[in-house]
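below are the sequence and a predicted model; questions follow.
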Amino acid sequence: MARIQAVRRIQFCSGHRVLGHEGKCANNHGHNYLAFFHAEADDLDDVGRVIDFSVLKEKLGGWVDDNWDHGFVYYAEDEELAGLYRAQLKNHKHFVLPYNPTAENMARYLLEVVGPEQLKGTGVHLVKVVLWETENCFAEVTLDG
């Protein structure tokens with residue numbers, strides 16, 4: 001039997017820095033990201049879809065918009081940024097990741113945490129997230145199995 005996926009593209013702008021990076025990415029900077037969410041279901045619905053694309057936009061795009069778009073994503077162990085946000089920038093939009101905010105880790109978080117949380121009860125699950133950080137570089141994370 002063929003595997004069918006519905007794929008939704010979500011654009012967002014976000015800042016980050018990569019703690020411990022050897023080069024420029026150790027500095028605060030931002031990107032215009034493109035995320036591609038690949039969703040599957042056991043069966044197509046009565047209309048013949050995995051899920052309506054607008055539901056993926058609402059649930060996944062809504063989460064990205066609320067948490068990452070026009071905000072700053074940083075690593076929980078980045079003491080300098082954590083202190084700055086607690087003391088001086090507490091009213092600025094920020095999101096704390098449990099690991100360094102590389103494209104790979106951000107894509108992993110979307111696949112393993114955000115997808116299951118946001119798609120709960122839909123009968124649909126994410127199987128892959130592709131996150132373009134620049135027009136030349138992207139990370140791809142796929143569920144095992």
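That came through fine. Residues are numbered from 1 along each chain as shown.

list the contacts for Arg8?
By CB atoms under 8 Å, 6 or more residues apart in numbering, the contact list for Arg8 reads Phe36, Phe37, Ala39, Phe53, Leu56, Lys57, Leu60, Gly61. Just so you know, the C-beta spots here come from the backbone N, C-alpha and C atoms, and that holds for glycine as well.

strands - which of those residues land there?
Under the assignment DSSP state E, those contribute Phe36, Phe37, Ala39 to strands.

which of these has the most neighbours?
Phe37 (28 neighbours; other CB atoms under 10 Å).

mind listing the helices for the protein?
Ranges of helices within the chain are 53-56, 62-67, 79-87, 103-109, 115-119, based on DSSP state H.

JSON lines for the contacts of Arg8, including pLDDT and distance to Val129?
JSON lines is the format used below for these (pLDDT from 0 to 100; distance: CB to CB, whole Å):
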{"residue": "Phe36", "pLDDT": "99", "distance to Val129": "7"}
{"residue": "Phe37", "pLDDT": "99", "distance to Val129": "6"}
{"residue": "Ala39", "pLDDT": "98", "distance to Val129": "10"}
{"residue": "Phe53", "pLDDT": "98", "distance to Val129": "16"}
{"residue": "Leu56", "pLDDT": "98", "distance to Val129": "12"}
{"residue": "Lys57", "pLDDT": "98", "distance to Val129": "15"}
{"residue": "Leu60", "pLDDT": "99", "distance to Val129": "9"}
{"residue": "Gly61", "pLDDT": "98", "distance to Val129": "13"}
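
now these in JSON lines, with distance to Lys90?
Below are the contacts of Arg8 laid out as JSON lines (distance: CB to CB, whole Å):
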{"residue": "Phe36", "distance to Lys90": "33"}
{"residue": "Phe37", "distance to Lys90": "31"}
{"residue": "Ala39", "distance to Lys90": "35"}
{"residue": "Phe53", "distance to Lys90": "36"}
{"residue": "Leu56", "distance to Lys90": "32"}
{"residue": "Lys57", "distance to Lys90": "30"}
{"residue": "Leu60", "distance to Lys90": "27"}
{"residue": "Gly61", "distance to Lys90": "26"}
